[in-house]
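A.B. asks: Pasting a predicted model and its sequence here:
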Amino acid sequence: MKLAETQRAFTESMRSKYPNLFPEPENEDYAINRYGIEVYQGWFPIVEHMIDQIAAYAERHEIDDFLRITQIKTDYCLLRCNTTLQNDELNQIINAHNEQAAHTCEQCGNPGEIRVERRWKTVLCDMCNSKK
């Protein structure tokens, strides 16, 4: 399966699991609806756990009617998550998962480190880095 298909399937599985956390699919004002969740499969478990925690936060504070995830992507080897609401508790959830991703191979999910090649940054384990 190609990366775009894998990302699309993962995005749809998260949308099915938490339909209230995502904007209406036909609303292309949001990057998540145009591009899906833009990370490699090694980070899927981290992203899923982050979404689980965001959903729990929304339910706990009874804001699941208006809190939406608008974008999740890799940005210069960092995990980025944008939402319609910003506050310290949500930022702590997102930042904790960004920190975890910074030490997790984007390709396979094993422990990794930031690698720089031709000004392009990625988080890779030794094995995935040697395959390049």
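C.D. replies: Yes, it's here.
A.B. asks: Do you have the helices of the chain handy? List them.
C.D. replies: 3-17, 31-35, 44-60, 88-101, 126-130 (DSSP state H).
A.B. asks: Please tabulate those in JSON lines, including the columns distance to residue 119, mean neighbour count and mean pLDDT.
C.D. replies: For the C-beta atoms, the positions are set from N, CA and C on the backbone; glycine is no exception. Shown next, in JSON lines, are those (distance: least, CB to CB, whole Å; neighbours: other CB atoms under 10 Å; pLDDT from 0 to 100):
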{"stretch": "helix 3-17", "distance to residue 119": "21", "mean neighbour count": "15", "mean pLDDT": "96"}
{"stretch": "helix 31-35", "distance to residue 119": "23", "mean neighbour count": "17", "mean pLDDT": "94"}
{"stretch": "helix 44-60", "distance to residue 119": "25", "mean neighbour count": "17", "mean pLDDT": "98"}
{"stretch": "helix 88-101", "distance to residue 119": "20", "mean neighbour count": "16", "mean pLDDT": "97"}
{"stretch": "helix 126-130", "distance to residue 119": "16", "mean neighbour count": "14", "mean pLDDT": "95"}
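A.B. asks: and of those helices, who's closest to residue 82?
C.D. replies: helix 31-35 (7.7 Å; CB to CB).
A.B. asks: just checking, what packs against the closest one?
C.D. replies: strand 69-75 (3 or more CB pairs under 8 Å, 6 or more residues apart in numbering; DSSP states H and E).
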